[in-house]
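# pasting a predicted model and its sequence here:
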Amino acid sequence: MPMIYADGCLLNVSVEGRDGGPTLMLSNALGCTLQMWEPQMAALSKLFRIIRYDRRGHGKSGVPPGPYSMERFGRDVLAILDDLNIARTHWCGLSMGGMVGQWLGAHAPERFDRIILANTNCYYPDPANWHARIKTVKEGGLAAIAETVISGWLTTGFREREPQITAKIKAMLSASPVEGYIACCEALSTLDQRELLPRIKSPTLVIAGRHDQSTPVAAGEYIRSRIPSASMTILDAAHISNVEQSHAFTEAVTGFLMQQ
Ligand SMILES: O=C(O)CC1=CCC(=O)O1
């Protein structure tokens, strides 16, 4: 796995999949690592050269002092593409990964072919929830929020049907570096990318989860309505829809990226 420097931060990057195939970059959610994409890897790596990475503050990447910003996250991605000599790529980001995708689609359109924005938002009108979460994590670490966050990530039905997958996802969240998690929550507390959306000219697919209360269908619908060539798919899932509806998610991604 290459480690790539961006603005003094080492980023953990993985390059796999079809040599010479079109490139697809996958971008993780808050509190997840590049491992969150495991359910998609077998199918997608047959078709694409897959670049995954841990966003700064996550996984095996560095955790420089915060607060972070969408611009910083976006510039980290451009540093990865430059280092790997990749001129253009498709993008699929879920939640925070979708927010970074919005920034990139608007600021570096020449680097992105098709863009997938899954279970994401462009604006939080009330930062109070993020401030409360930051306080709880400062006092009690990730363990203090893990149960509540997981109940928003996966529906009750899925958690009951798939206790092992649920435990794995919870372990990934619980292992998140506290300082990095807080710095990302600070970036989310000031998020407002509404003005960027009309500047995204790439064909875009918005994926939403019917049961997602963190980034509800209405948030996805708002994003779809502001991006000129965007379409939308709704999956029967909560927030981490690529895990809960792994096959449907993979099919939505391949269908959109392979369409002529
Ligand atoms: O982690 C959550 O609770 C939901 C979420 C919002 C933005 C993000 O990346 O995750």
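Received the coordinates, thanks. Residues are numbered from 1 along each chain as shown.

# CA atoms for contacts and neighbours, from now on please.
Noted.

# which strands or helices does the strand or helix carrying Leu10 pack on?
Assessed by DSSP states H and E, Leu10 sits inside strand 9-17. With contacts taken as 3 or more CA pairs under 8 Å, 6 or more residues apart in numbering; DSSP states H and E, strand 9-17 sits against strand 3-6, helix 38-47, strand 49-53.

# and it, what's buried?
Using 16 or more other CA atoms under 10 Å as the test for burial, strand 9-17 gives Cys9, Leu10, Leu11, Asn12, Val13, Val15, Glu16, Gly17.

# next one: the fourth one, what pLDDT does it get?
What that stands for is Asn12. pLDDT, Asn12: 98.

# neighbours of Gly255, how many?
Neighbours of Gly255 under the rule other CA atoms under 10 Å: 11.

# got the contact list for the residue nearest the centre of the chain?
Centrality entry for the chain: nearest residue to the mean C-alpha point is Gly97, 2.3 Å, by CA atoms, centre = their mean. Shown in contact with Gly97 (CA atoms under 8 Å, 6 or more residues apart in numbering): Leu26, Ser27, Asn28, Ala29, Leu117, Thr120.

# hmm, which two among these are most spread apart?
For the contacts of Gly97, the maximum inter-member distance is 14.1 Å, found between Leu26 and Thr120 (CA to CA).

# quick one: the helices in the stretch 1-150 of the chain, in order.
Per DSSP state H, counting those that start in this stretch, the stretch 1-150 of the chain carries helices over the ranges 38-47, 70-83, 96-107, 128-140, 146-153.

# hang on, I meant the stretch 151-260 of the chain
156-161, 163-174, 178-189, 217-226, 241-244, 246-258.

# nearest to the ligand, of these?
Of all the helices of the stretch 151-260 of the chain, helix 178-189 sits nearest to the ligand, with 7.1 Å by CA to the nearest ligand atom.
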